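Novice: how would this look folded up:
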Amino acid sequence: MSISVRYKAALKAASFHFGVSVGVALLAAALVFGVWYPYPYRELAGGRDLFLLIVVVDVVCGPLLTMVMFNPKKPRWELTMDLGIVATIQVAALFYGVYTLAMARPIYLVFEVDRFRVVSVADVQEGELKPELGGLHRVPWWGPKTIGVRTSRDGEETLKSLELSLQGNEPSARPDWWVPYEENRDQAKSRAQSIDVLRQKHPAQQNLLEMAIQETGRKESDLKWLPLTGFKSSEWVALVDAVTADVVGFAPIDGF
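Specialist: Numbers count the residues shown, from 1 in each chain. Predicted coordinates:
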């Protein structure tokens with residue numbers, strides 16, 4: 001068999017493999033970006049970069065291996081075994097990557113004192129999350145939910161909380177401090193600031209702010225804002241309804 005004939009056959013097989021790989025990657029992207037990391041969490045929690053790395057490696061390496069190993073001159077059983085090994089490695093790598101993203105997915109948008117924090121599964125200390133207790137310990141699989149944190153019960157707990165915070169374990173990442181957002185609405189409303197304040201702080205980012213306001217579908221006078229922080233970035237704000245303090249939008253503008 002000539003090299004050109006083998007090359008054409010291998011290229012055809014690799015092209016088919018590439019098409020299938022892209023289709024699977026698109027399905028994975030729908031799950032990752034449509035459910036686990038919706039905007040702006042893909043920016044704040046780092047899901048976009050990790051997913052792209054996984055997909056690029058998976059989609060490129062699989063078809064390349066197919067092209068290298070495919071040879072129509074091989075016995076059918078040998079060719080089937082070779083391609084089966086490639087497919088198994090590729091699927092295993094994709095599943096591991098998606099599992100990693102699931103274990104790092106953002107689960108709650110937590111109001112804490114005067115800001116919102118994006119908390120992911122990875123932010124919670126091992127052993128502190130107890131799904132058997134139910135409630136907020138049963139973290140959502142269908143996108144982050146907005147919750148709050150309670151206040152300290154006494155002075156001793158306050159000191160312990162301060163010590164943990166100095167170690168990097170903020171109340172927003174402690175399941176035993178989580179409470180429904182209803183308990184924090186009044187505090188969020190009192191801490192939220194007018195849009196005019198944000199305009200004065202960042203006159204060069206008026207276009208970004210205007211776009212974010214339009215996406216909420218509300219008038220500017222009906223909105224306020226609070227700083228928003230995440231693992232990858234702290235230069236965001238959450239736009240909230242001035243009356244209910246519901247989070248209705250986001251803008252990539254530094255709120256501090």
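
Novice: let me see the mean pLDDT of stretch 182-193.
Specialist: The predicted model assigns stretch 182-193 a mean pLDDT of 95.

Novice: please name the nearest non-neighbouring residue to the most centrally placed residue in the chain.
Specialist: Nearest to the mean C-alpha position of the chain, by CA atoms, centre = their mean, lies residue 37 at 3.4 Å. If the residues on either side of it in the chain are set aside, residue 37 comes closest to residue 47, at 3.6 Å by CB to CB, 6 or more residues apart in numbering. Heads up, the C-betas are built off the backbone N, CA and C, glycines and all.

Novice: that older thread, surely the residue nearest to the centre of the chain and residue 48 touch.
Specialist: Yes. Between residue 37 and residue 48 there is a contact under CB atoms under 8 Å: 7.0 Å.

Novice: ok, then the element right after the helix or strand containing residue 83?
Specialist: Of the helices and strands defined by DSSP states H and E, residue 83 is found in helix 76-103. Of the helices and strands lying after helix 76-103 in sequence (DSSP H and E), the nearest is strand 106-112.

Novice: distance from the chain centre to the helix or strand that comes right after that following strand, please.
Specialist: The helix or strand immediately downstream of strand 106-112 is strand 115-120, counting by DSSP H and E. The chain centre lies 12 Å from the centre of strand 115-120; the measure is CA atoms, centre = their mean, to the nearest Å.

Novice: angle of strand 115-120 against helix 76-103?
Specialist: Strand 115-120 and helix 76-103 are oriented at 150 degrees to each other (axes from the mean of the first three to the mean of the last three CA atoms, to 10 degrees).

Novice: give me the helices and strands touching strand 115-120, please.
Specialist: If contacts are counted by 3 or more CB pairs under 8 Å, 6 or more residues apart in numbering; DSSP states H and E, strand 115-120 sits against strand 106-112, strand 223-229.

Novice: quick one, strands of the stretch 151-256 of the chain?
Specialist: Assigned by DSSP state E, counting those that start in this stretch, the strands in the stretch 151-256 of the chain fall at 178-180, 193-194, 223-229, 236-241, 247-251.

Novice: pretty sure residue 148 sits against residue 172.
Specialist: No. With contact defined as CB under 8 Å, residue 148 does not count as touching residue 172 (9.0 Å).

Novice: give me the contacts around stretch 179-192.
Specialist: Stretch 179-192 is contacted from outside by 111, 113-114, 136, 146-150, 224-226, 240, 242-245, using CB atoms under 8 Å, 6 or more residues apart in numbering.

Novice: now residue 222: how far from residue 231?
Specialist: 30 Å (CB to CB, to the nearest Å).

Novice: I meant to write residue 11 there.
Specialist: To residue 231, residue 11 is 42 Å away according to CB to CB.

Novice: looking at these two now, which is surrounded by more residues?
Specialist: Neighbours of residue 11 and residue 231, each counted by other CB atoms under 10 Å, are more numerous for residue 231; the result is 18 against 14.

Novice: roughly how far does that one sit from residue 29?
Specialist: Look at residue 231 and residue 29: by CB to CB, they are 20 Å apart.

Novice: no further queries at this time; thank you.
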